[in-house]
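> here is my input, please return the structure:
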Amino acid sequence: MADRIGEGAISRGEGPAVFKSNTEEKWYMFIDEFGGRNYVPFEATALDSGKWVPSTSYELPPEAKHGSVLPVTQAEYDRLLSAYGGQESDR
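Residues are numbered from 1 along each chain as shown. Alright, predicted model coming up:
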């Protein structure tokens with residue numbers, strides 16, 4: 001267990017959500033920087049390391065906070081995109 005995760009990268013945080021990547025051997029943690037940018041993503045290559053670094057390449061909806069992450073397969077993603085008419089810029 002690590003403490004002070006995100007110190008220096010965010011002003012204050014709450015509501016972390018941790019999940020494993022579907023495509024890489026890494027873990028992500030979204031921390032809600034309340035009063036700031038909302039969710040800010042961090043990543044680690046091993047959960048037990050306690051070493052989380054800010055993600056450098058990402059796109060999140062501007063109001064995202066205190067959510068959940070559900071893994072989906074490519075086929076599920078394609079069906080959702082087809083059913084709801086989403087476009088690349090909507091993600």
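
> so what does residue 71 look like in phi/psi?
Residue 71 adopts backbone torsions of phi -70, psi 140, taken as degrees, to the nearest 10.

> for the protein, give me the ranges with low pLDDT.
1, 86-91 (pLDDT under 70).

> quick one: the strands in this protein?
Secondary structure of the chain by DSSP state E: the strands cover 14-20, 27-33, 38-44, 53-54.

> count of residues packed around the residue nearest to residue 45 when sequence neighbours are not counted?
Spatial nearest neighbour of residue 45, chain neighbours left out: residue 26 (5.3 Å); criterion: Cβ to Cβ, 6 or more residues apart in numbering. C-beta here means a position set from N, CA and C on the backbone, and glycine is covered the same way. Using other Cβ atoms under 10 Å, residue 26 is surrounded by 13 other residues.

> redo the strands of the chain as CSV? Include distance to residue 61 and mean neighbour count.
Below are the strands of the chain laid out as CSV (distance: least, Cβ to Cβ, whole Å; neighbours: other Cβ atoms under 10 Å):
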stretch, distance to residue 61, mean neighbour count
strand 14-20, 14, 14
strand 27-33, 12, 21
strand 38-44, 9, 19
strand 53-54, 18, 13
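
> nearest to residue 79 among those strands would be which one?
strand 14-20 (21.0 Å; Cβ to Cβ).

> what's that closest one in contact with?
The contact list for strand 14-20 (Cβ atoms under 8 Å, 6 or more residues apart in numbering) reads 5, 26-32, 34, 39, 47, 65-69, 71.

> next: stretch 53-71.
In contact with stretch 53-71 (Cβ under 8 Å, 6+ apart) are residues 6, 9, 15, 17, 19-20, 22, 28, 30, 32, 34, 38-44, 91.
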